[in-house]
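S.K.: Let's see this in three dimensions:
(one chain, ligands or ions: 1)
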Amino acid sequence: MTVPARVGETLARATRTLADAGVEAPRHEAEILLGHLLGRSRAALWSHPEKSLPDGQHRRFLALCRRRAAGEPTAYLTGHREFWSLDLLVDPRVLIPRPETEHLVEAVLARQPKGIVRILDYGAGSGCIALALATEYPQAWIIALDMDGGALAVTGQNSSRHDLQGRVQRVQARSLDALAGENWLDVLVSNPPYIRAADLSALPATVRQHEPVQALSPGLRGLEVIDSLIQGGLRLLLDAGTLALEIDSPSAAGVRERLLTSDWADVAILPDLAGMPRVVVARRRRR
Ligand SMILES: C[S@@+](CC[C@H](N)C(=O)[O-])C[C@H]1O[C@@H](n2cnc3c(N)ncnc32)[C@H](O)[C@@H]1O
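M.R.: Numbers count the residues shown, from 1 in each chain. This is a model prediction of the structure:
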């Protein structure tokens with residue numbers, strides 16, 4: 001008869017396996033995977049390390065650890081990631097929401113008063129930005145635009161999950177040209193793909209091999225989507241309407257220059273918690 005595996009020992013072994021594979025925070029990730037499989041909180045795992053694991057669950061846990069050790073991101077293995085206190089579904093069709101993208105939501109909140117506002121989230125992916133803003137602006141109408149139908153399906157699942165589908169309209173398009181009219185938008189927000197194609201190879205393998213490439217890089221320059229938003233946003237935004245974009249350090253100076261030399265005002269670059277340029281904000285100049 002085999003002795004059943006116990007939670008504490010199983011976690012200790014999994015932590016060693018993940019550490020050997022170079023996973024950062026291996027104990028934390030092992031706990032997330034086991035908690036997910038058992039439907040228990042991490043605190044419940046800590047408080048009952050003596051609990052035994054049925055053989056089937058133990059085997060499933062070892063399989064998940066093997067996939068994690070081989071580089072699959074934990075969020076794709078559990079199918080969940082928290083953003084702005086919202087539990088979001090994620091899968092390989094969407095970028096896994098990053099904590100630093102919450103600075104983008106903060107930047108919009110700091111600039112755009114509450115009220116009946118129209119917000120466009122360009123490159124919605126999981127819908128993390130659109131849904132965070134929908135909860136913060138209860139009277140807002142939000143367009144979640146993405147070129148990828150699979151990503152928009154995930155946006156839709158998350159909108160329904162948080163009962164926000166009535167105020168979040170999904171649009172599949174690959175340019176702002178798909179949106180008609182002028183002067184009707186209060187906020188254009190985007191975490192666009194911004195990595196130069198040549199720099200993709202420098203990304204960690206777990207990102208490079210598992211997250212959608214169209215979510216990471218727009219092409220050779222890295223600025224292709226950002227440029228189109230800086231240009232196209234002028235047509236759609238109301239006077240003094242807000243533009244808020246996530247950027248990386250290498251592109252910060254160039255993006256600032258582009259904004260200062262066209263019809264944008266109040267241009268500011270905001271840092272992330274590490275002090276690196278992370279968000280650029282600007283207002284459409286009054287006509
Ligand atoms: C960096 S991801 C951001 C996803 C999500 N907003 C987030 O912050 O986690 C960029 C998204 O933009 C979409 N995208 C890339 N190029 C695009 C384009 N030209 N037009 C529309 N969407 C695009 C990708 O499919 C991807 O979902």
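S.K.: near the ligand, which residues of the protein?
M.R.: Within the chain, the positions adjacent to the ligand are 94-95, 97, 101, 123-126, 128-129, 146-148, 151, 174, 191-193, 214-215, 218, 225 by Cβ under 6 Å from any ligand atom. Bear in mind the C-beta positions are built from the backbone N, C-alpha and C, glycine included.
S.K.: Whichever of those end up buried, select them in PyMOL.
M.R.: To isolate the buried ones among the residues of the chain next to the ligand in PyMOL, judged by 16 or more other Cβ atoms under 10 Å, type:
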select buried, resi 94+95+97+101+123+124+125+126+128+129+146+147+148+151+191+192+193+214+215+218+225
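S.K.: Let me see the ranges of the helices in the stretch 51-200 of the chain.
M.R.: 55-69, 74-78, 102-111, 128-136, 149-161 (DSSP state H, counting those that start in this stretch).
S.K.: Can you pull out the residues in contact with the third one?
M.R.: It refers to helix 102-111. 83-84, 119, 129, 132-133, 136, 187, 189, 191, 242, 244-246, 270, 272, 278-279, 281, 283 (Cβ atoms under 8 Å, 6 or more residues apart in numbering).
S.K.: Now residue 96: closest residue in space that isn't a chain neighbour?
M.R.: Using Cβ to Cβ, 6 or more residues apart in numbering and skipping the chain neighbours, the partner closest in space to residue 96 is residue 75 (4.5 Å).
S.K.: center of this protein, which residue is that?
M.R.: In the chain, the C-alpha nearest the mean C-alpha coordinate belongs to residue 97, at 2.2 Å (Cα atoms, centre = their mean).
S.K.: ok, that one touching residue 128?
M.R.: Yes: Residue 97 lies in contact with residue 128 (Cβ atoms under 8 Å); the separation is 4.0 Å.
S.K.: Quick check: neighbours shared by those two?
M.R.: 83, 88.
S.K.: Next one: residue 14 relative to the ligand, how far apart?
M.R.: 28 Å (Cβ to the nearest ligand atom, to the nearest Å).
S.K.: Would it be right to say that that residue lies in a helix?
M.R.: Yes: assessed with DSSP: H, G, I helix; E, B strand; the rest coil, residue 14 lies in a helix.
S.K.: That one contacts residue 66, doesn't it?
M.R.: No: contact status for residue 14 versus residue 66: not in contact, 9.9 Å apart, counting by Cβ under 8 Å.
S.K.: if we can go back for a sec, out of the helices of the stretch 51-200 of the chain, which is the most enclosed?
M.R.: helix 128-136 (a mean of 25; mean count of other Cβ atoms under 10 Å).
S.K.: Next, report how far that helix is displaced from the centre of its chain.
M.R.: Its chain's average C-alpha position is 12 Å from that of helix 128-136, according to Cα atoms, centre = their mean, to the nearest Å.
S.K.: Give me the helices and strands touching it, please.
M.R.: strand 86-89, helix 102-111, strand 118-122, strand 141-146, helix 149-161, strand 168-172, strand 185-190 (3 or more Cβ pairs under 8 Å, 6 or more residues apart in numbering; DSSP states H and E).
S.K.: redo that, cut-off 6 Å
M.R.: strand 118-122, strand 141-146 (3 or more Cβ pairs under 6 Å, 6 or more residues apart in numbering; DSSP states H and E).
S.K.: got the angle between that helix and strand 141-146?
M.R.: Interaxial angle, helix 128-136 versus strand 141-146 (axes from the mean of the first three to the mean of the last three Cα atoms, to 10 degrees): 170 degrees.
S.K.: Do me a favour and average the pLDDT over helix 128-136.
M.R.: Averaging pLDDT along helix 128-136 yields 98.
S.K.: between that helix and strand 185-190, how many degrees?
M.R.: Orientation check (the same axes, to 10 degrees): helix 128-136 against strand 185-190 gives 140 degrees.
S.K.: who touches helix 128-136?
M.R.: Applying Cβ atoms under 6 Å, 6 or more residues apart in numbering, the contact partners of helix 128-136 are 83-84, 86, 88, 97, 105, 109, 119, 121, 124, 142, 144, 158, 162, 164, 167-168, 189.
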